[in-house]
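> here is a sequence together with a model predicted from it:
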Amino acid sequence: MLTGYVEYPRLGGTRHFFIRCETDWERYFAAVTDCPNGLPENYSRVQFELAAYSRGPSARATNIEVVGSPLPPIERTCRTCGSVFVLSAGLQAWFQSYKRLPLPWRCADCRRARRESQVSSAVHTTSSSA
Ligand SMILES: [Zn+2]
């Protein structure tokens with residue numbers, strides 16, 4: 001048995017969805033018909049098996065069973081500006097399973113400001129050396 005998190009496709013399907021596996025962080029295809037209790041809530045933790053006939057990145061999950069509630073939102077205080085911000089389940093999954101990064105300690109505004117200053121300094125370095 002593998003465990004992972006339910007991840008809906010971008011457009012939101014009602015028949016198919018994805019499971020992000022906690023072991024290898026691969027995304028597995030899943031169908032609602034493989035869930036005995038119906039479509040699980042987004043970001044809930046599930047146990048599943050891989051269908052015997054499927055392999056590779058589009059392998060299909062089967063025997064899907066919900067084993068945990070969705071990730072609870074996390075509240076943090078920004079290290080830069082001190083404001084309190086919330087990391088939703090979606091944001092947690094995005095950082096941890098998609099970007100494979102630790103959860104941020106700065107609010108969205110401060111992260112954006114930092115990113116923009118890094119980009120502009122990189123551009124500046126490139127143009128001055130050319
Ligand atoms: Zn901030």
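Done, it's in.

> residues of this structure that sit close to the ion?
Counting by CB under 5 Å from the ion, the residues of the chain close to the ion are 78, 80-81, 107, 110. C-betas here are computed from N, CA, C, even on glycine.

> contact partners for residue 42?
By CB atoms under 8 Å, 6 or more residues apart in numbering, the contact list for residue 42 reads 6-8, 70, 89-90.

> neighbour-wise, which one of those residues leads?
residue 6 (24 neighbours; other CB atoms under 10 Å).

> just send the residues of the chain next to the ion back as a markdown table, with neighbour count, pLDDT and secondary structure too.
Shown next, in a markdown table, are those (neighbours: other CB atoms under 10 Å; pLDDT from 0 to 100; DSSP: H, G, I helix; E, B strand; the rest coil):
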| residue | neighbour count | pLDDT | secondary structure |
| --- | --- | --- | --- |
| 78 | 17 | 97 | coil |
| 80 | 13 | 96 | coil |
| 81 | 12 | 97 | coil |
| 107 | 20 | 95 | coil |
| 110 | 18 | 96 | helix |
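
> max pairwise distance over the residues you listed: which two?
80 and 107 (7.5 Å; CB to CB).

> past the strand ranked longest in the chain, which element shows up next along the chain?
Looking across the chain with DSSP state E, the single longest strand is strand 61-68. Once strand 61-68 ends, the next helix or strand along the chain (criterion: DSSP states H and E) is strand 74-77.

> relative to the whole chain's centre, how far out is that following strand?
18 Å (CA atoms, centre = their mean, to the nearest Å).
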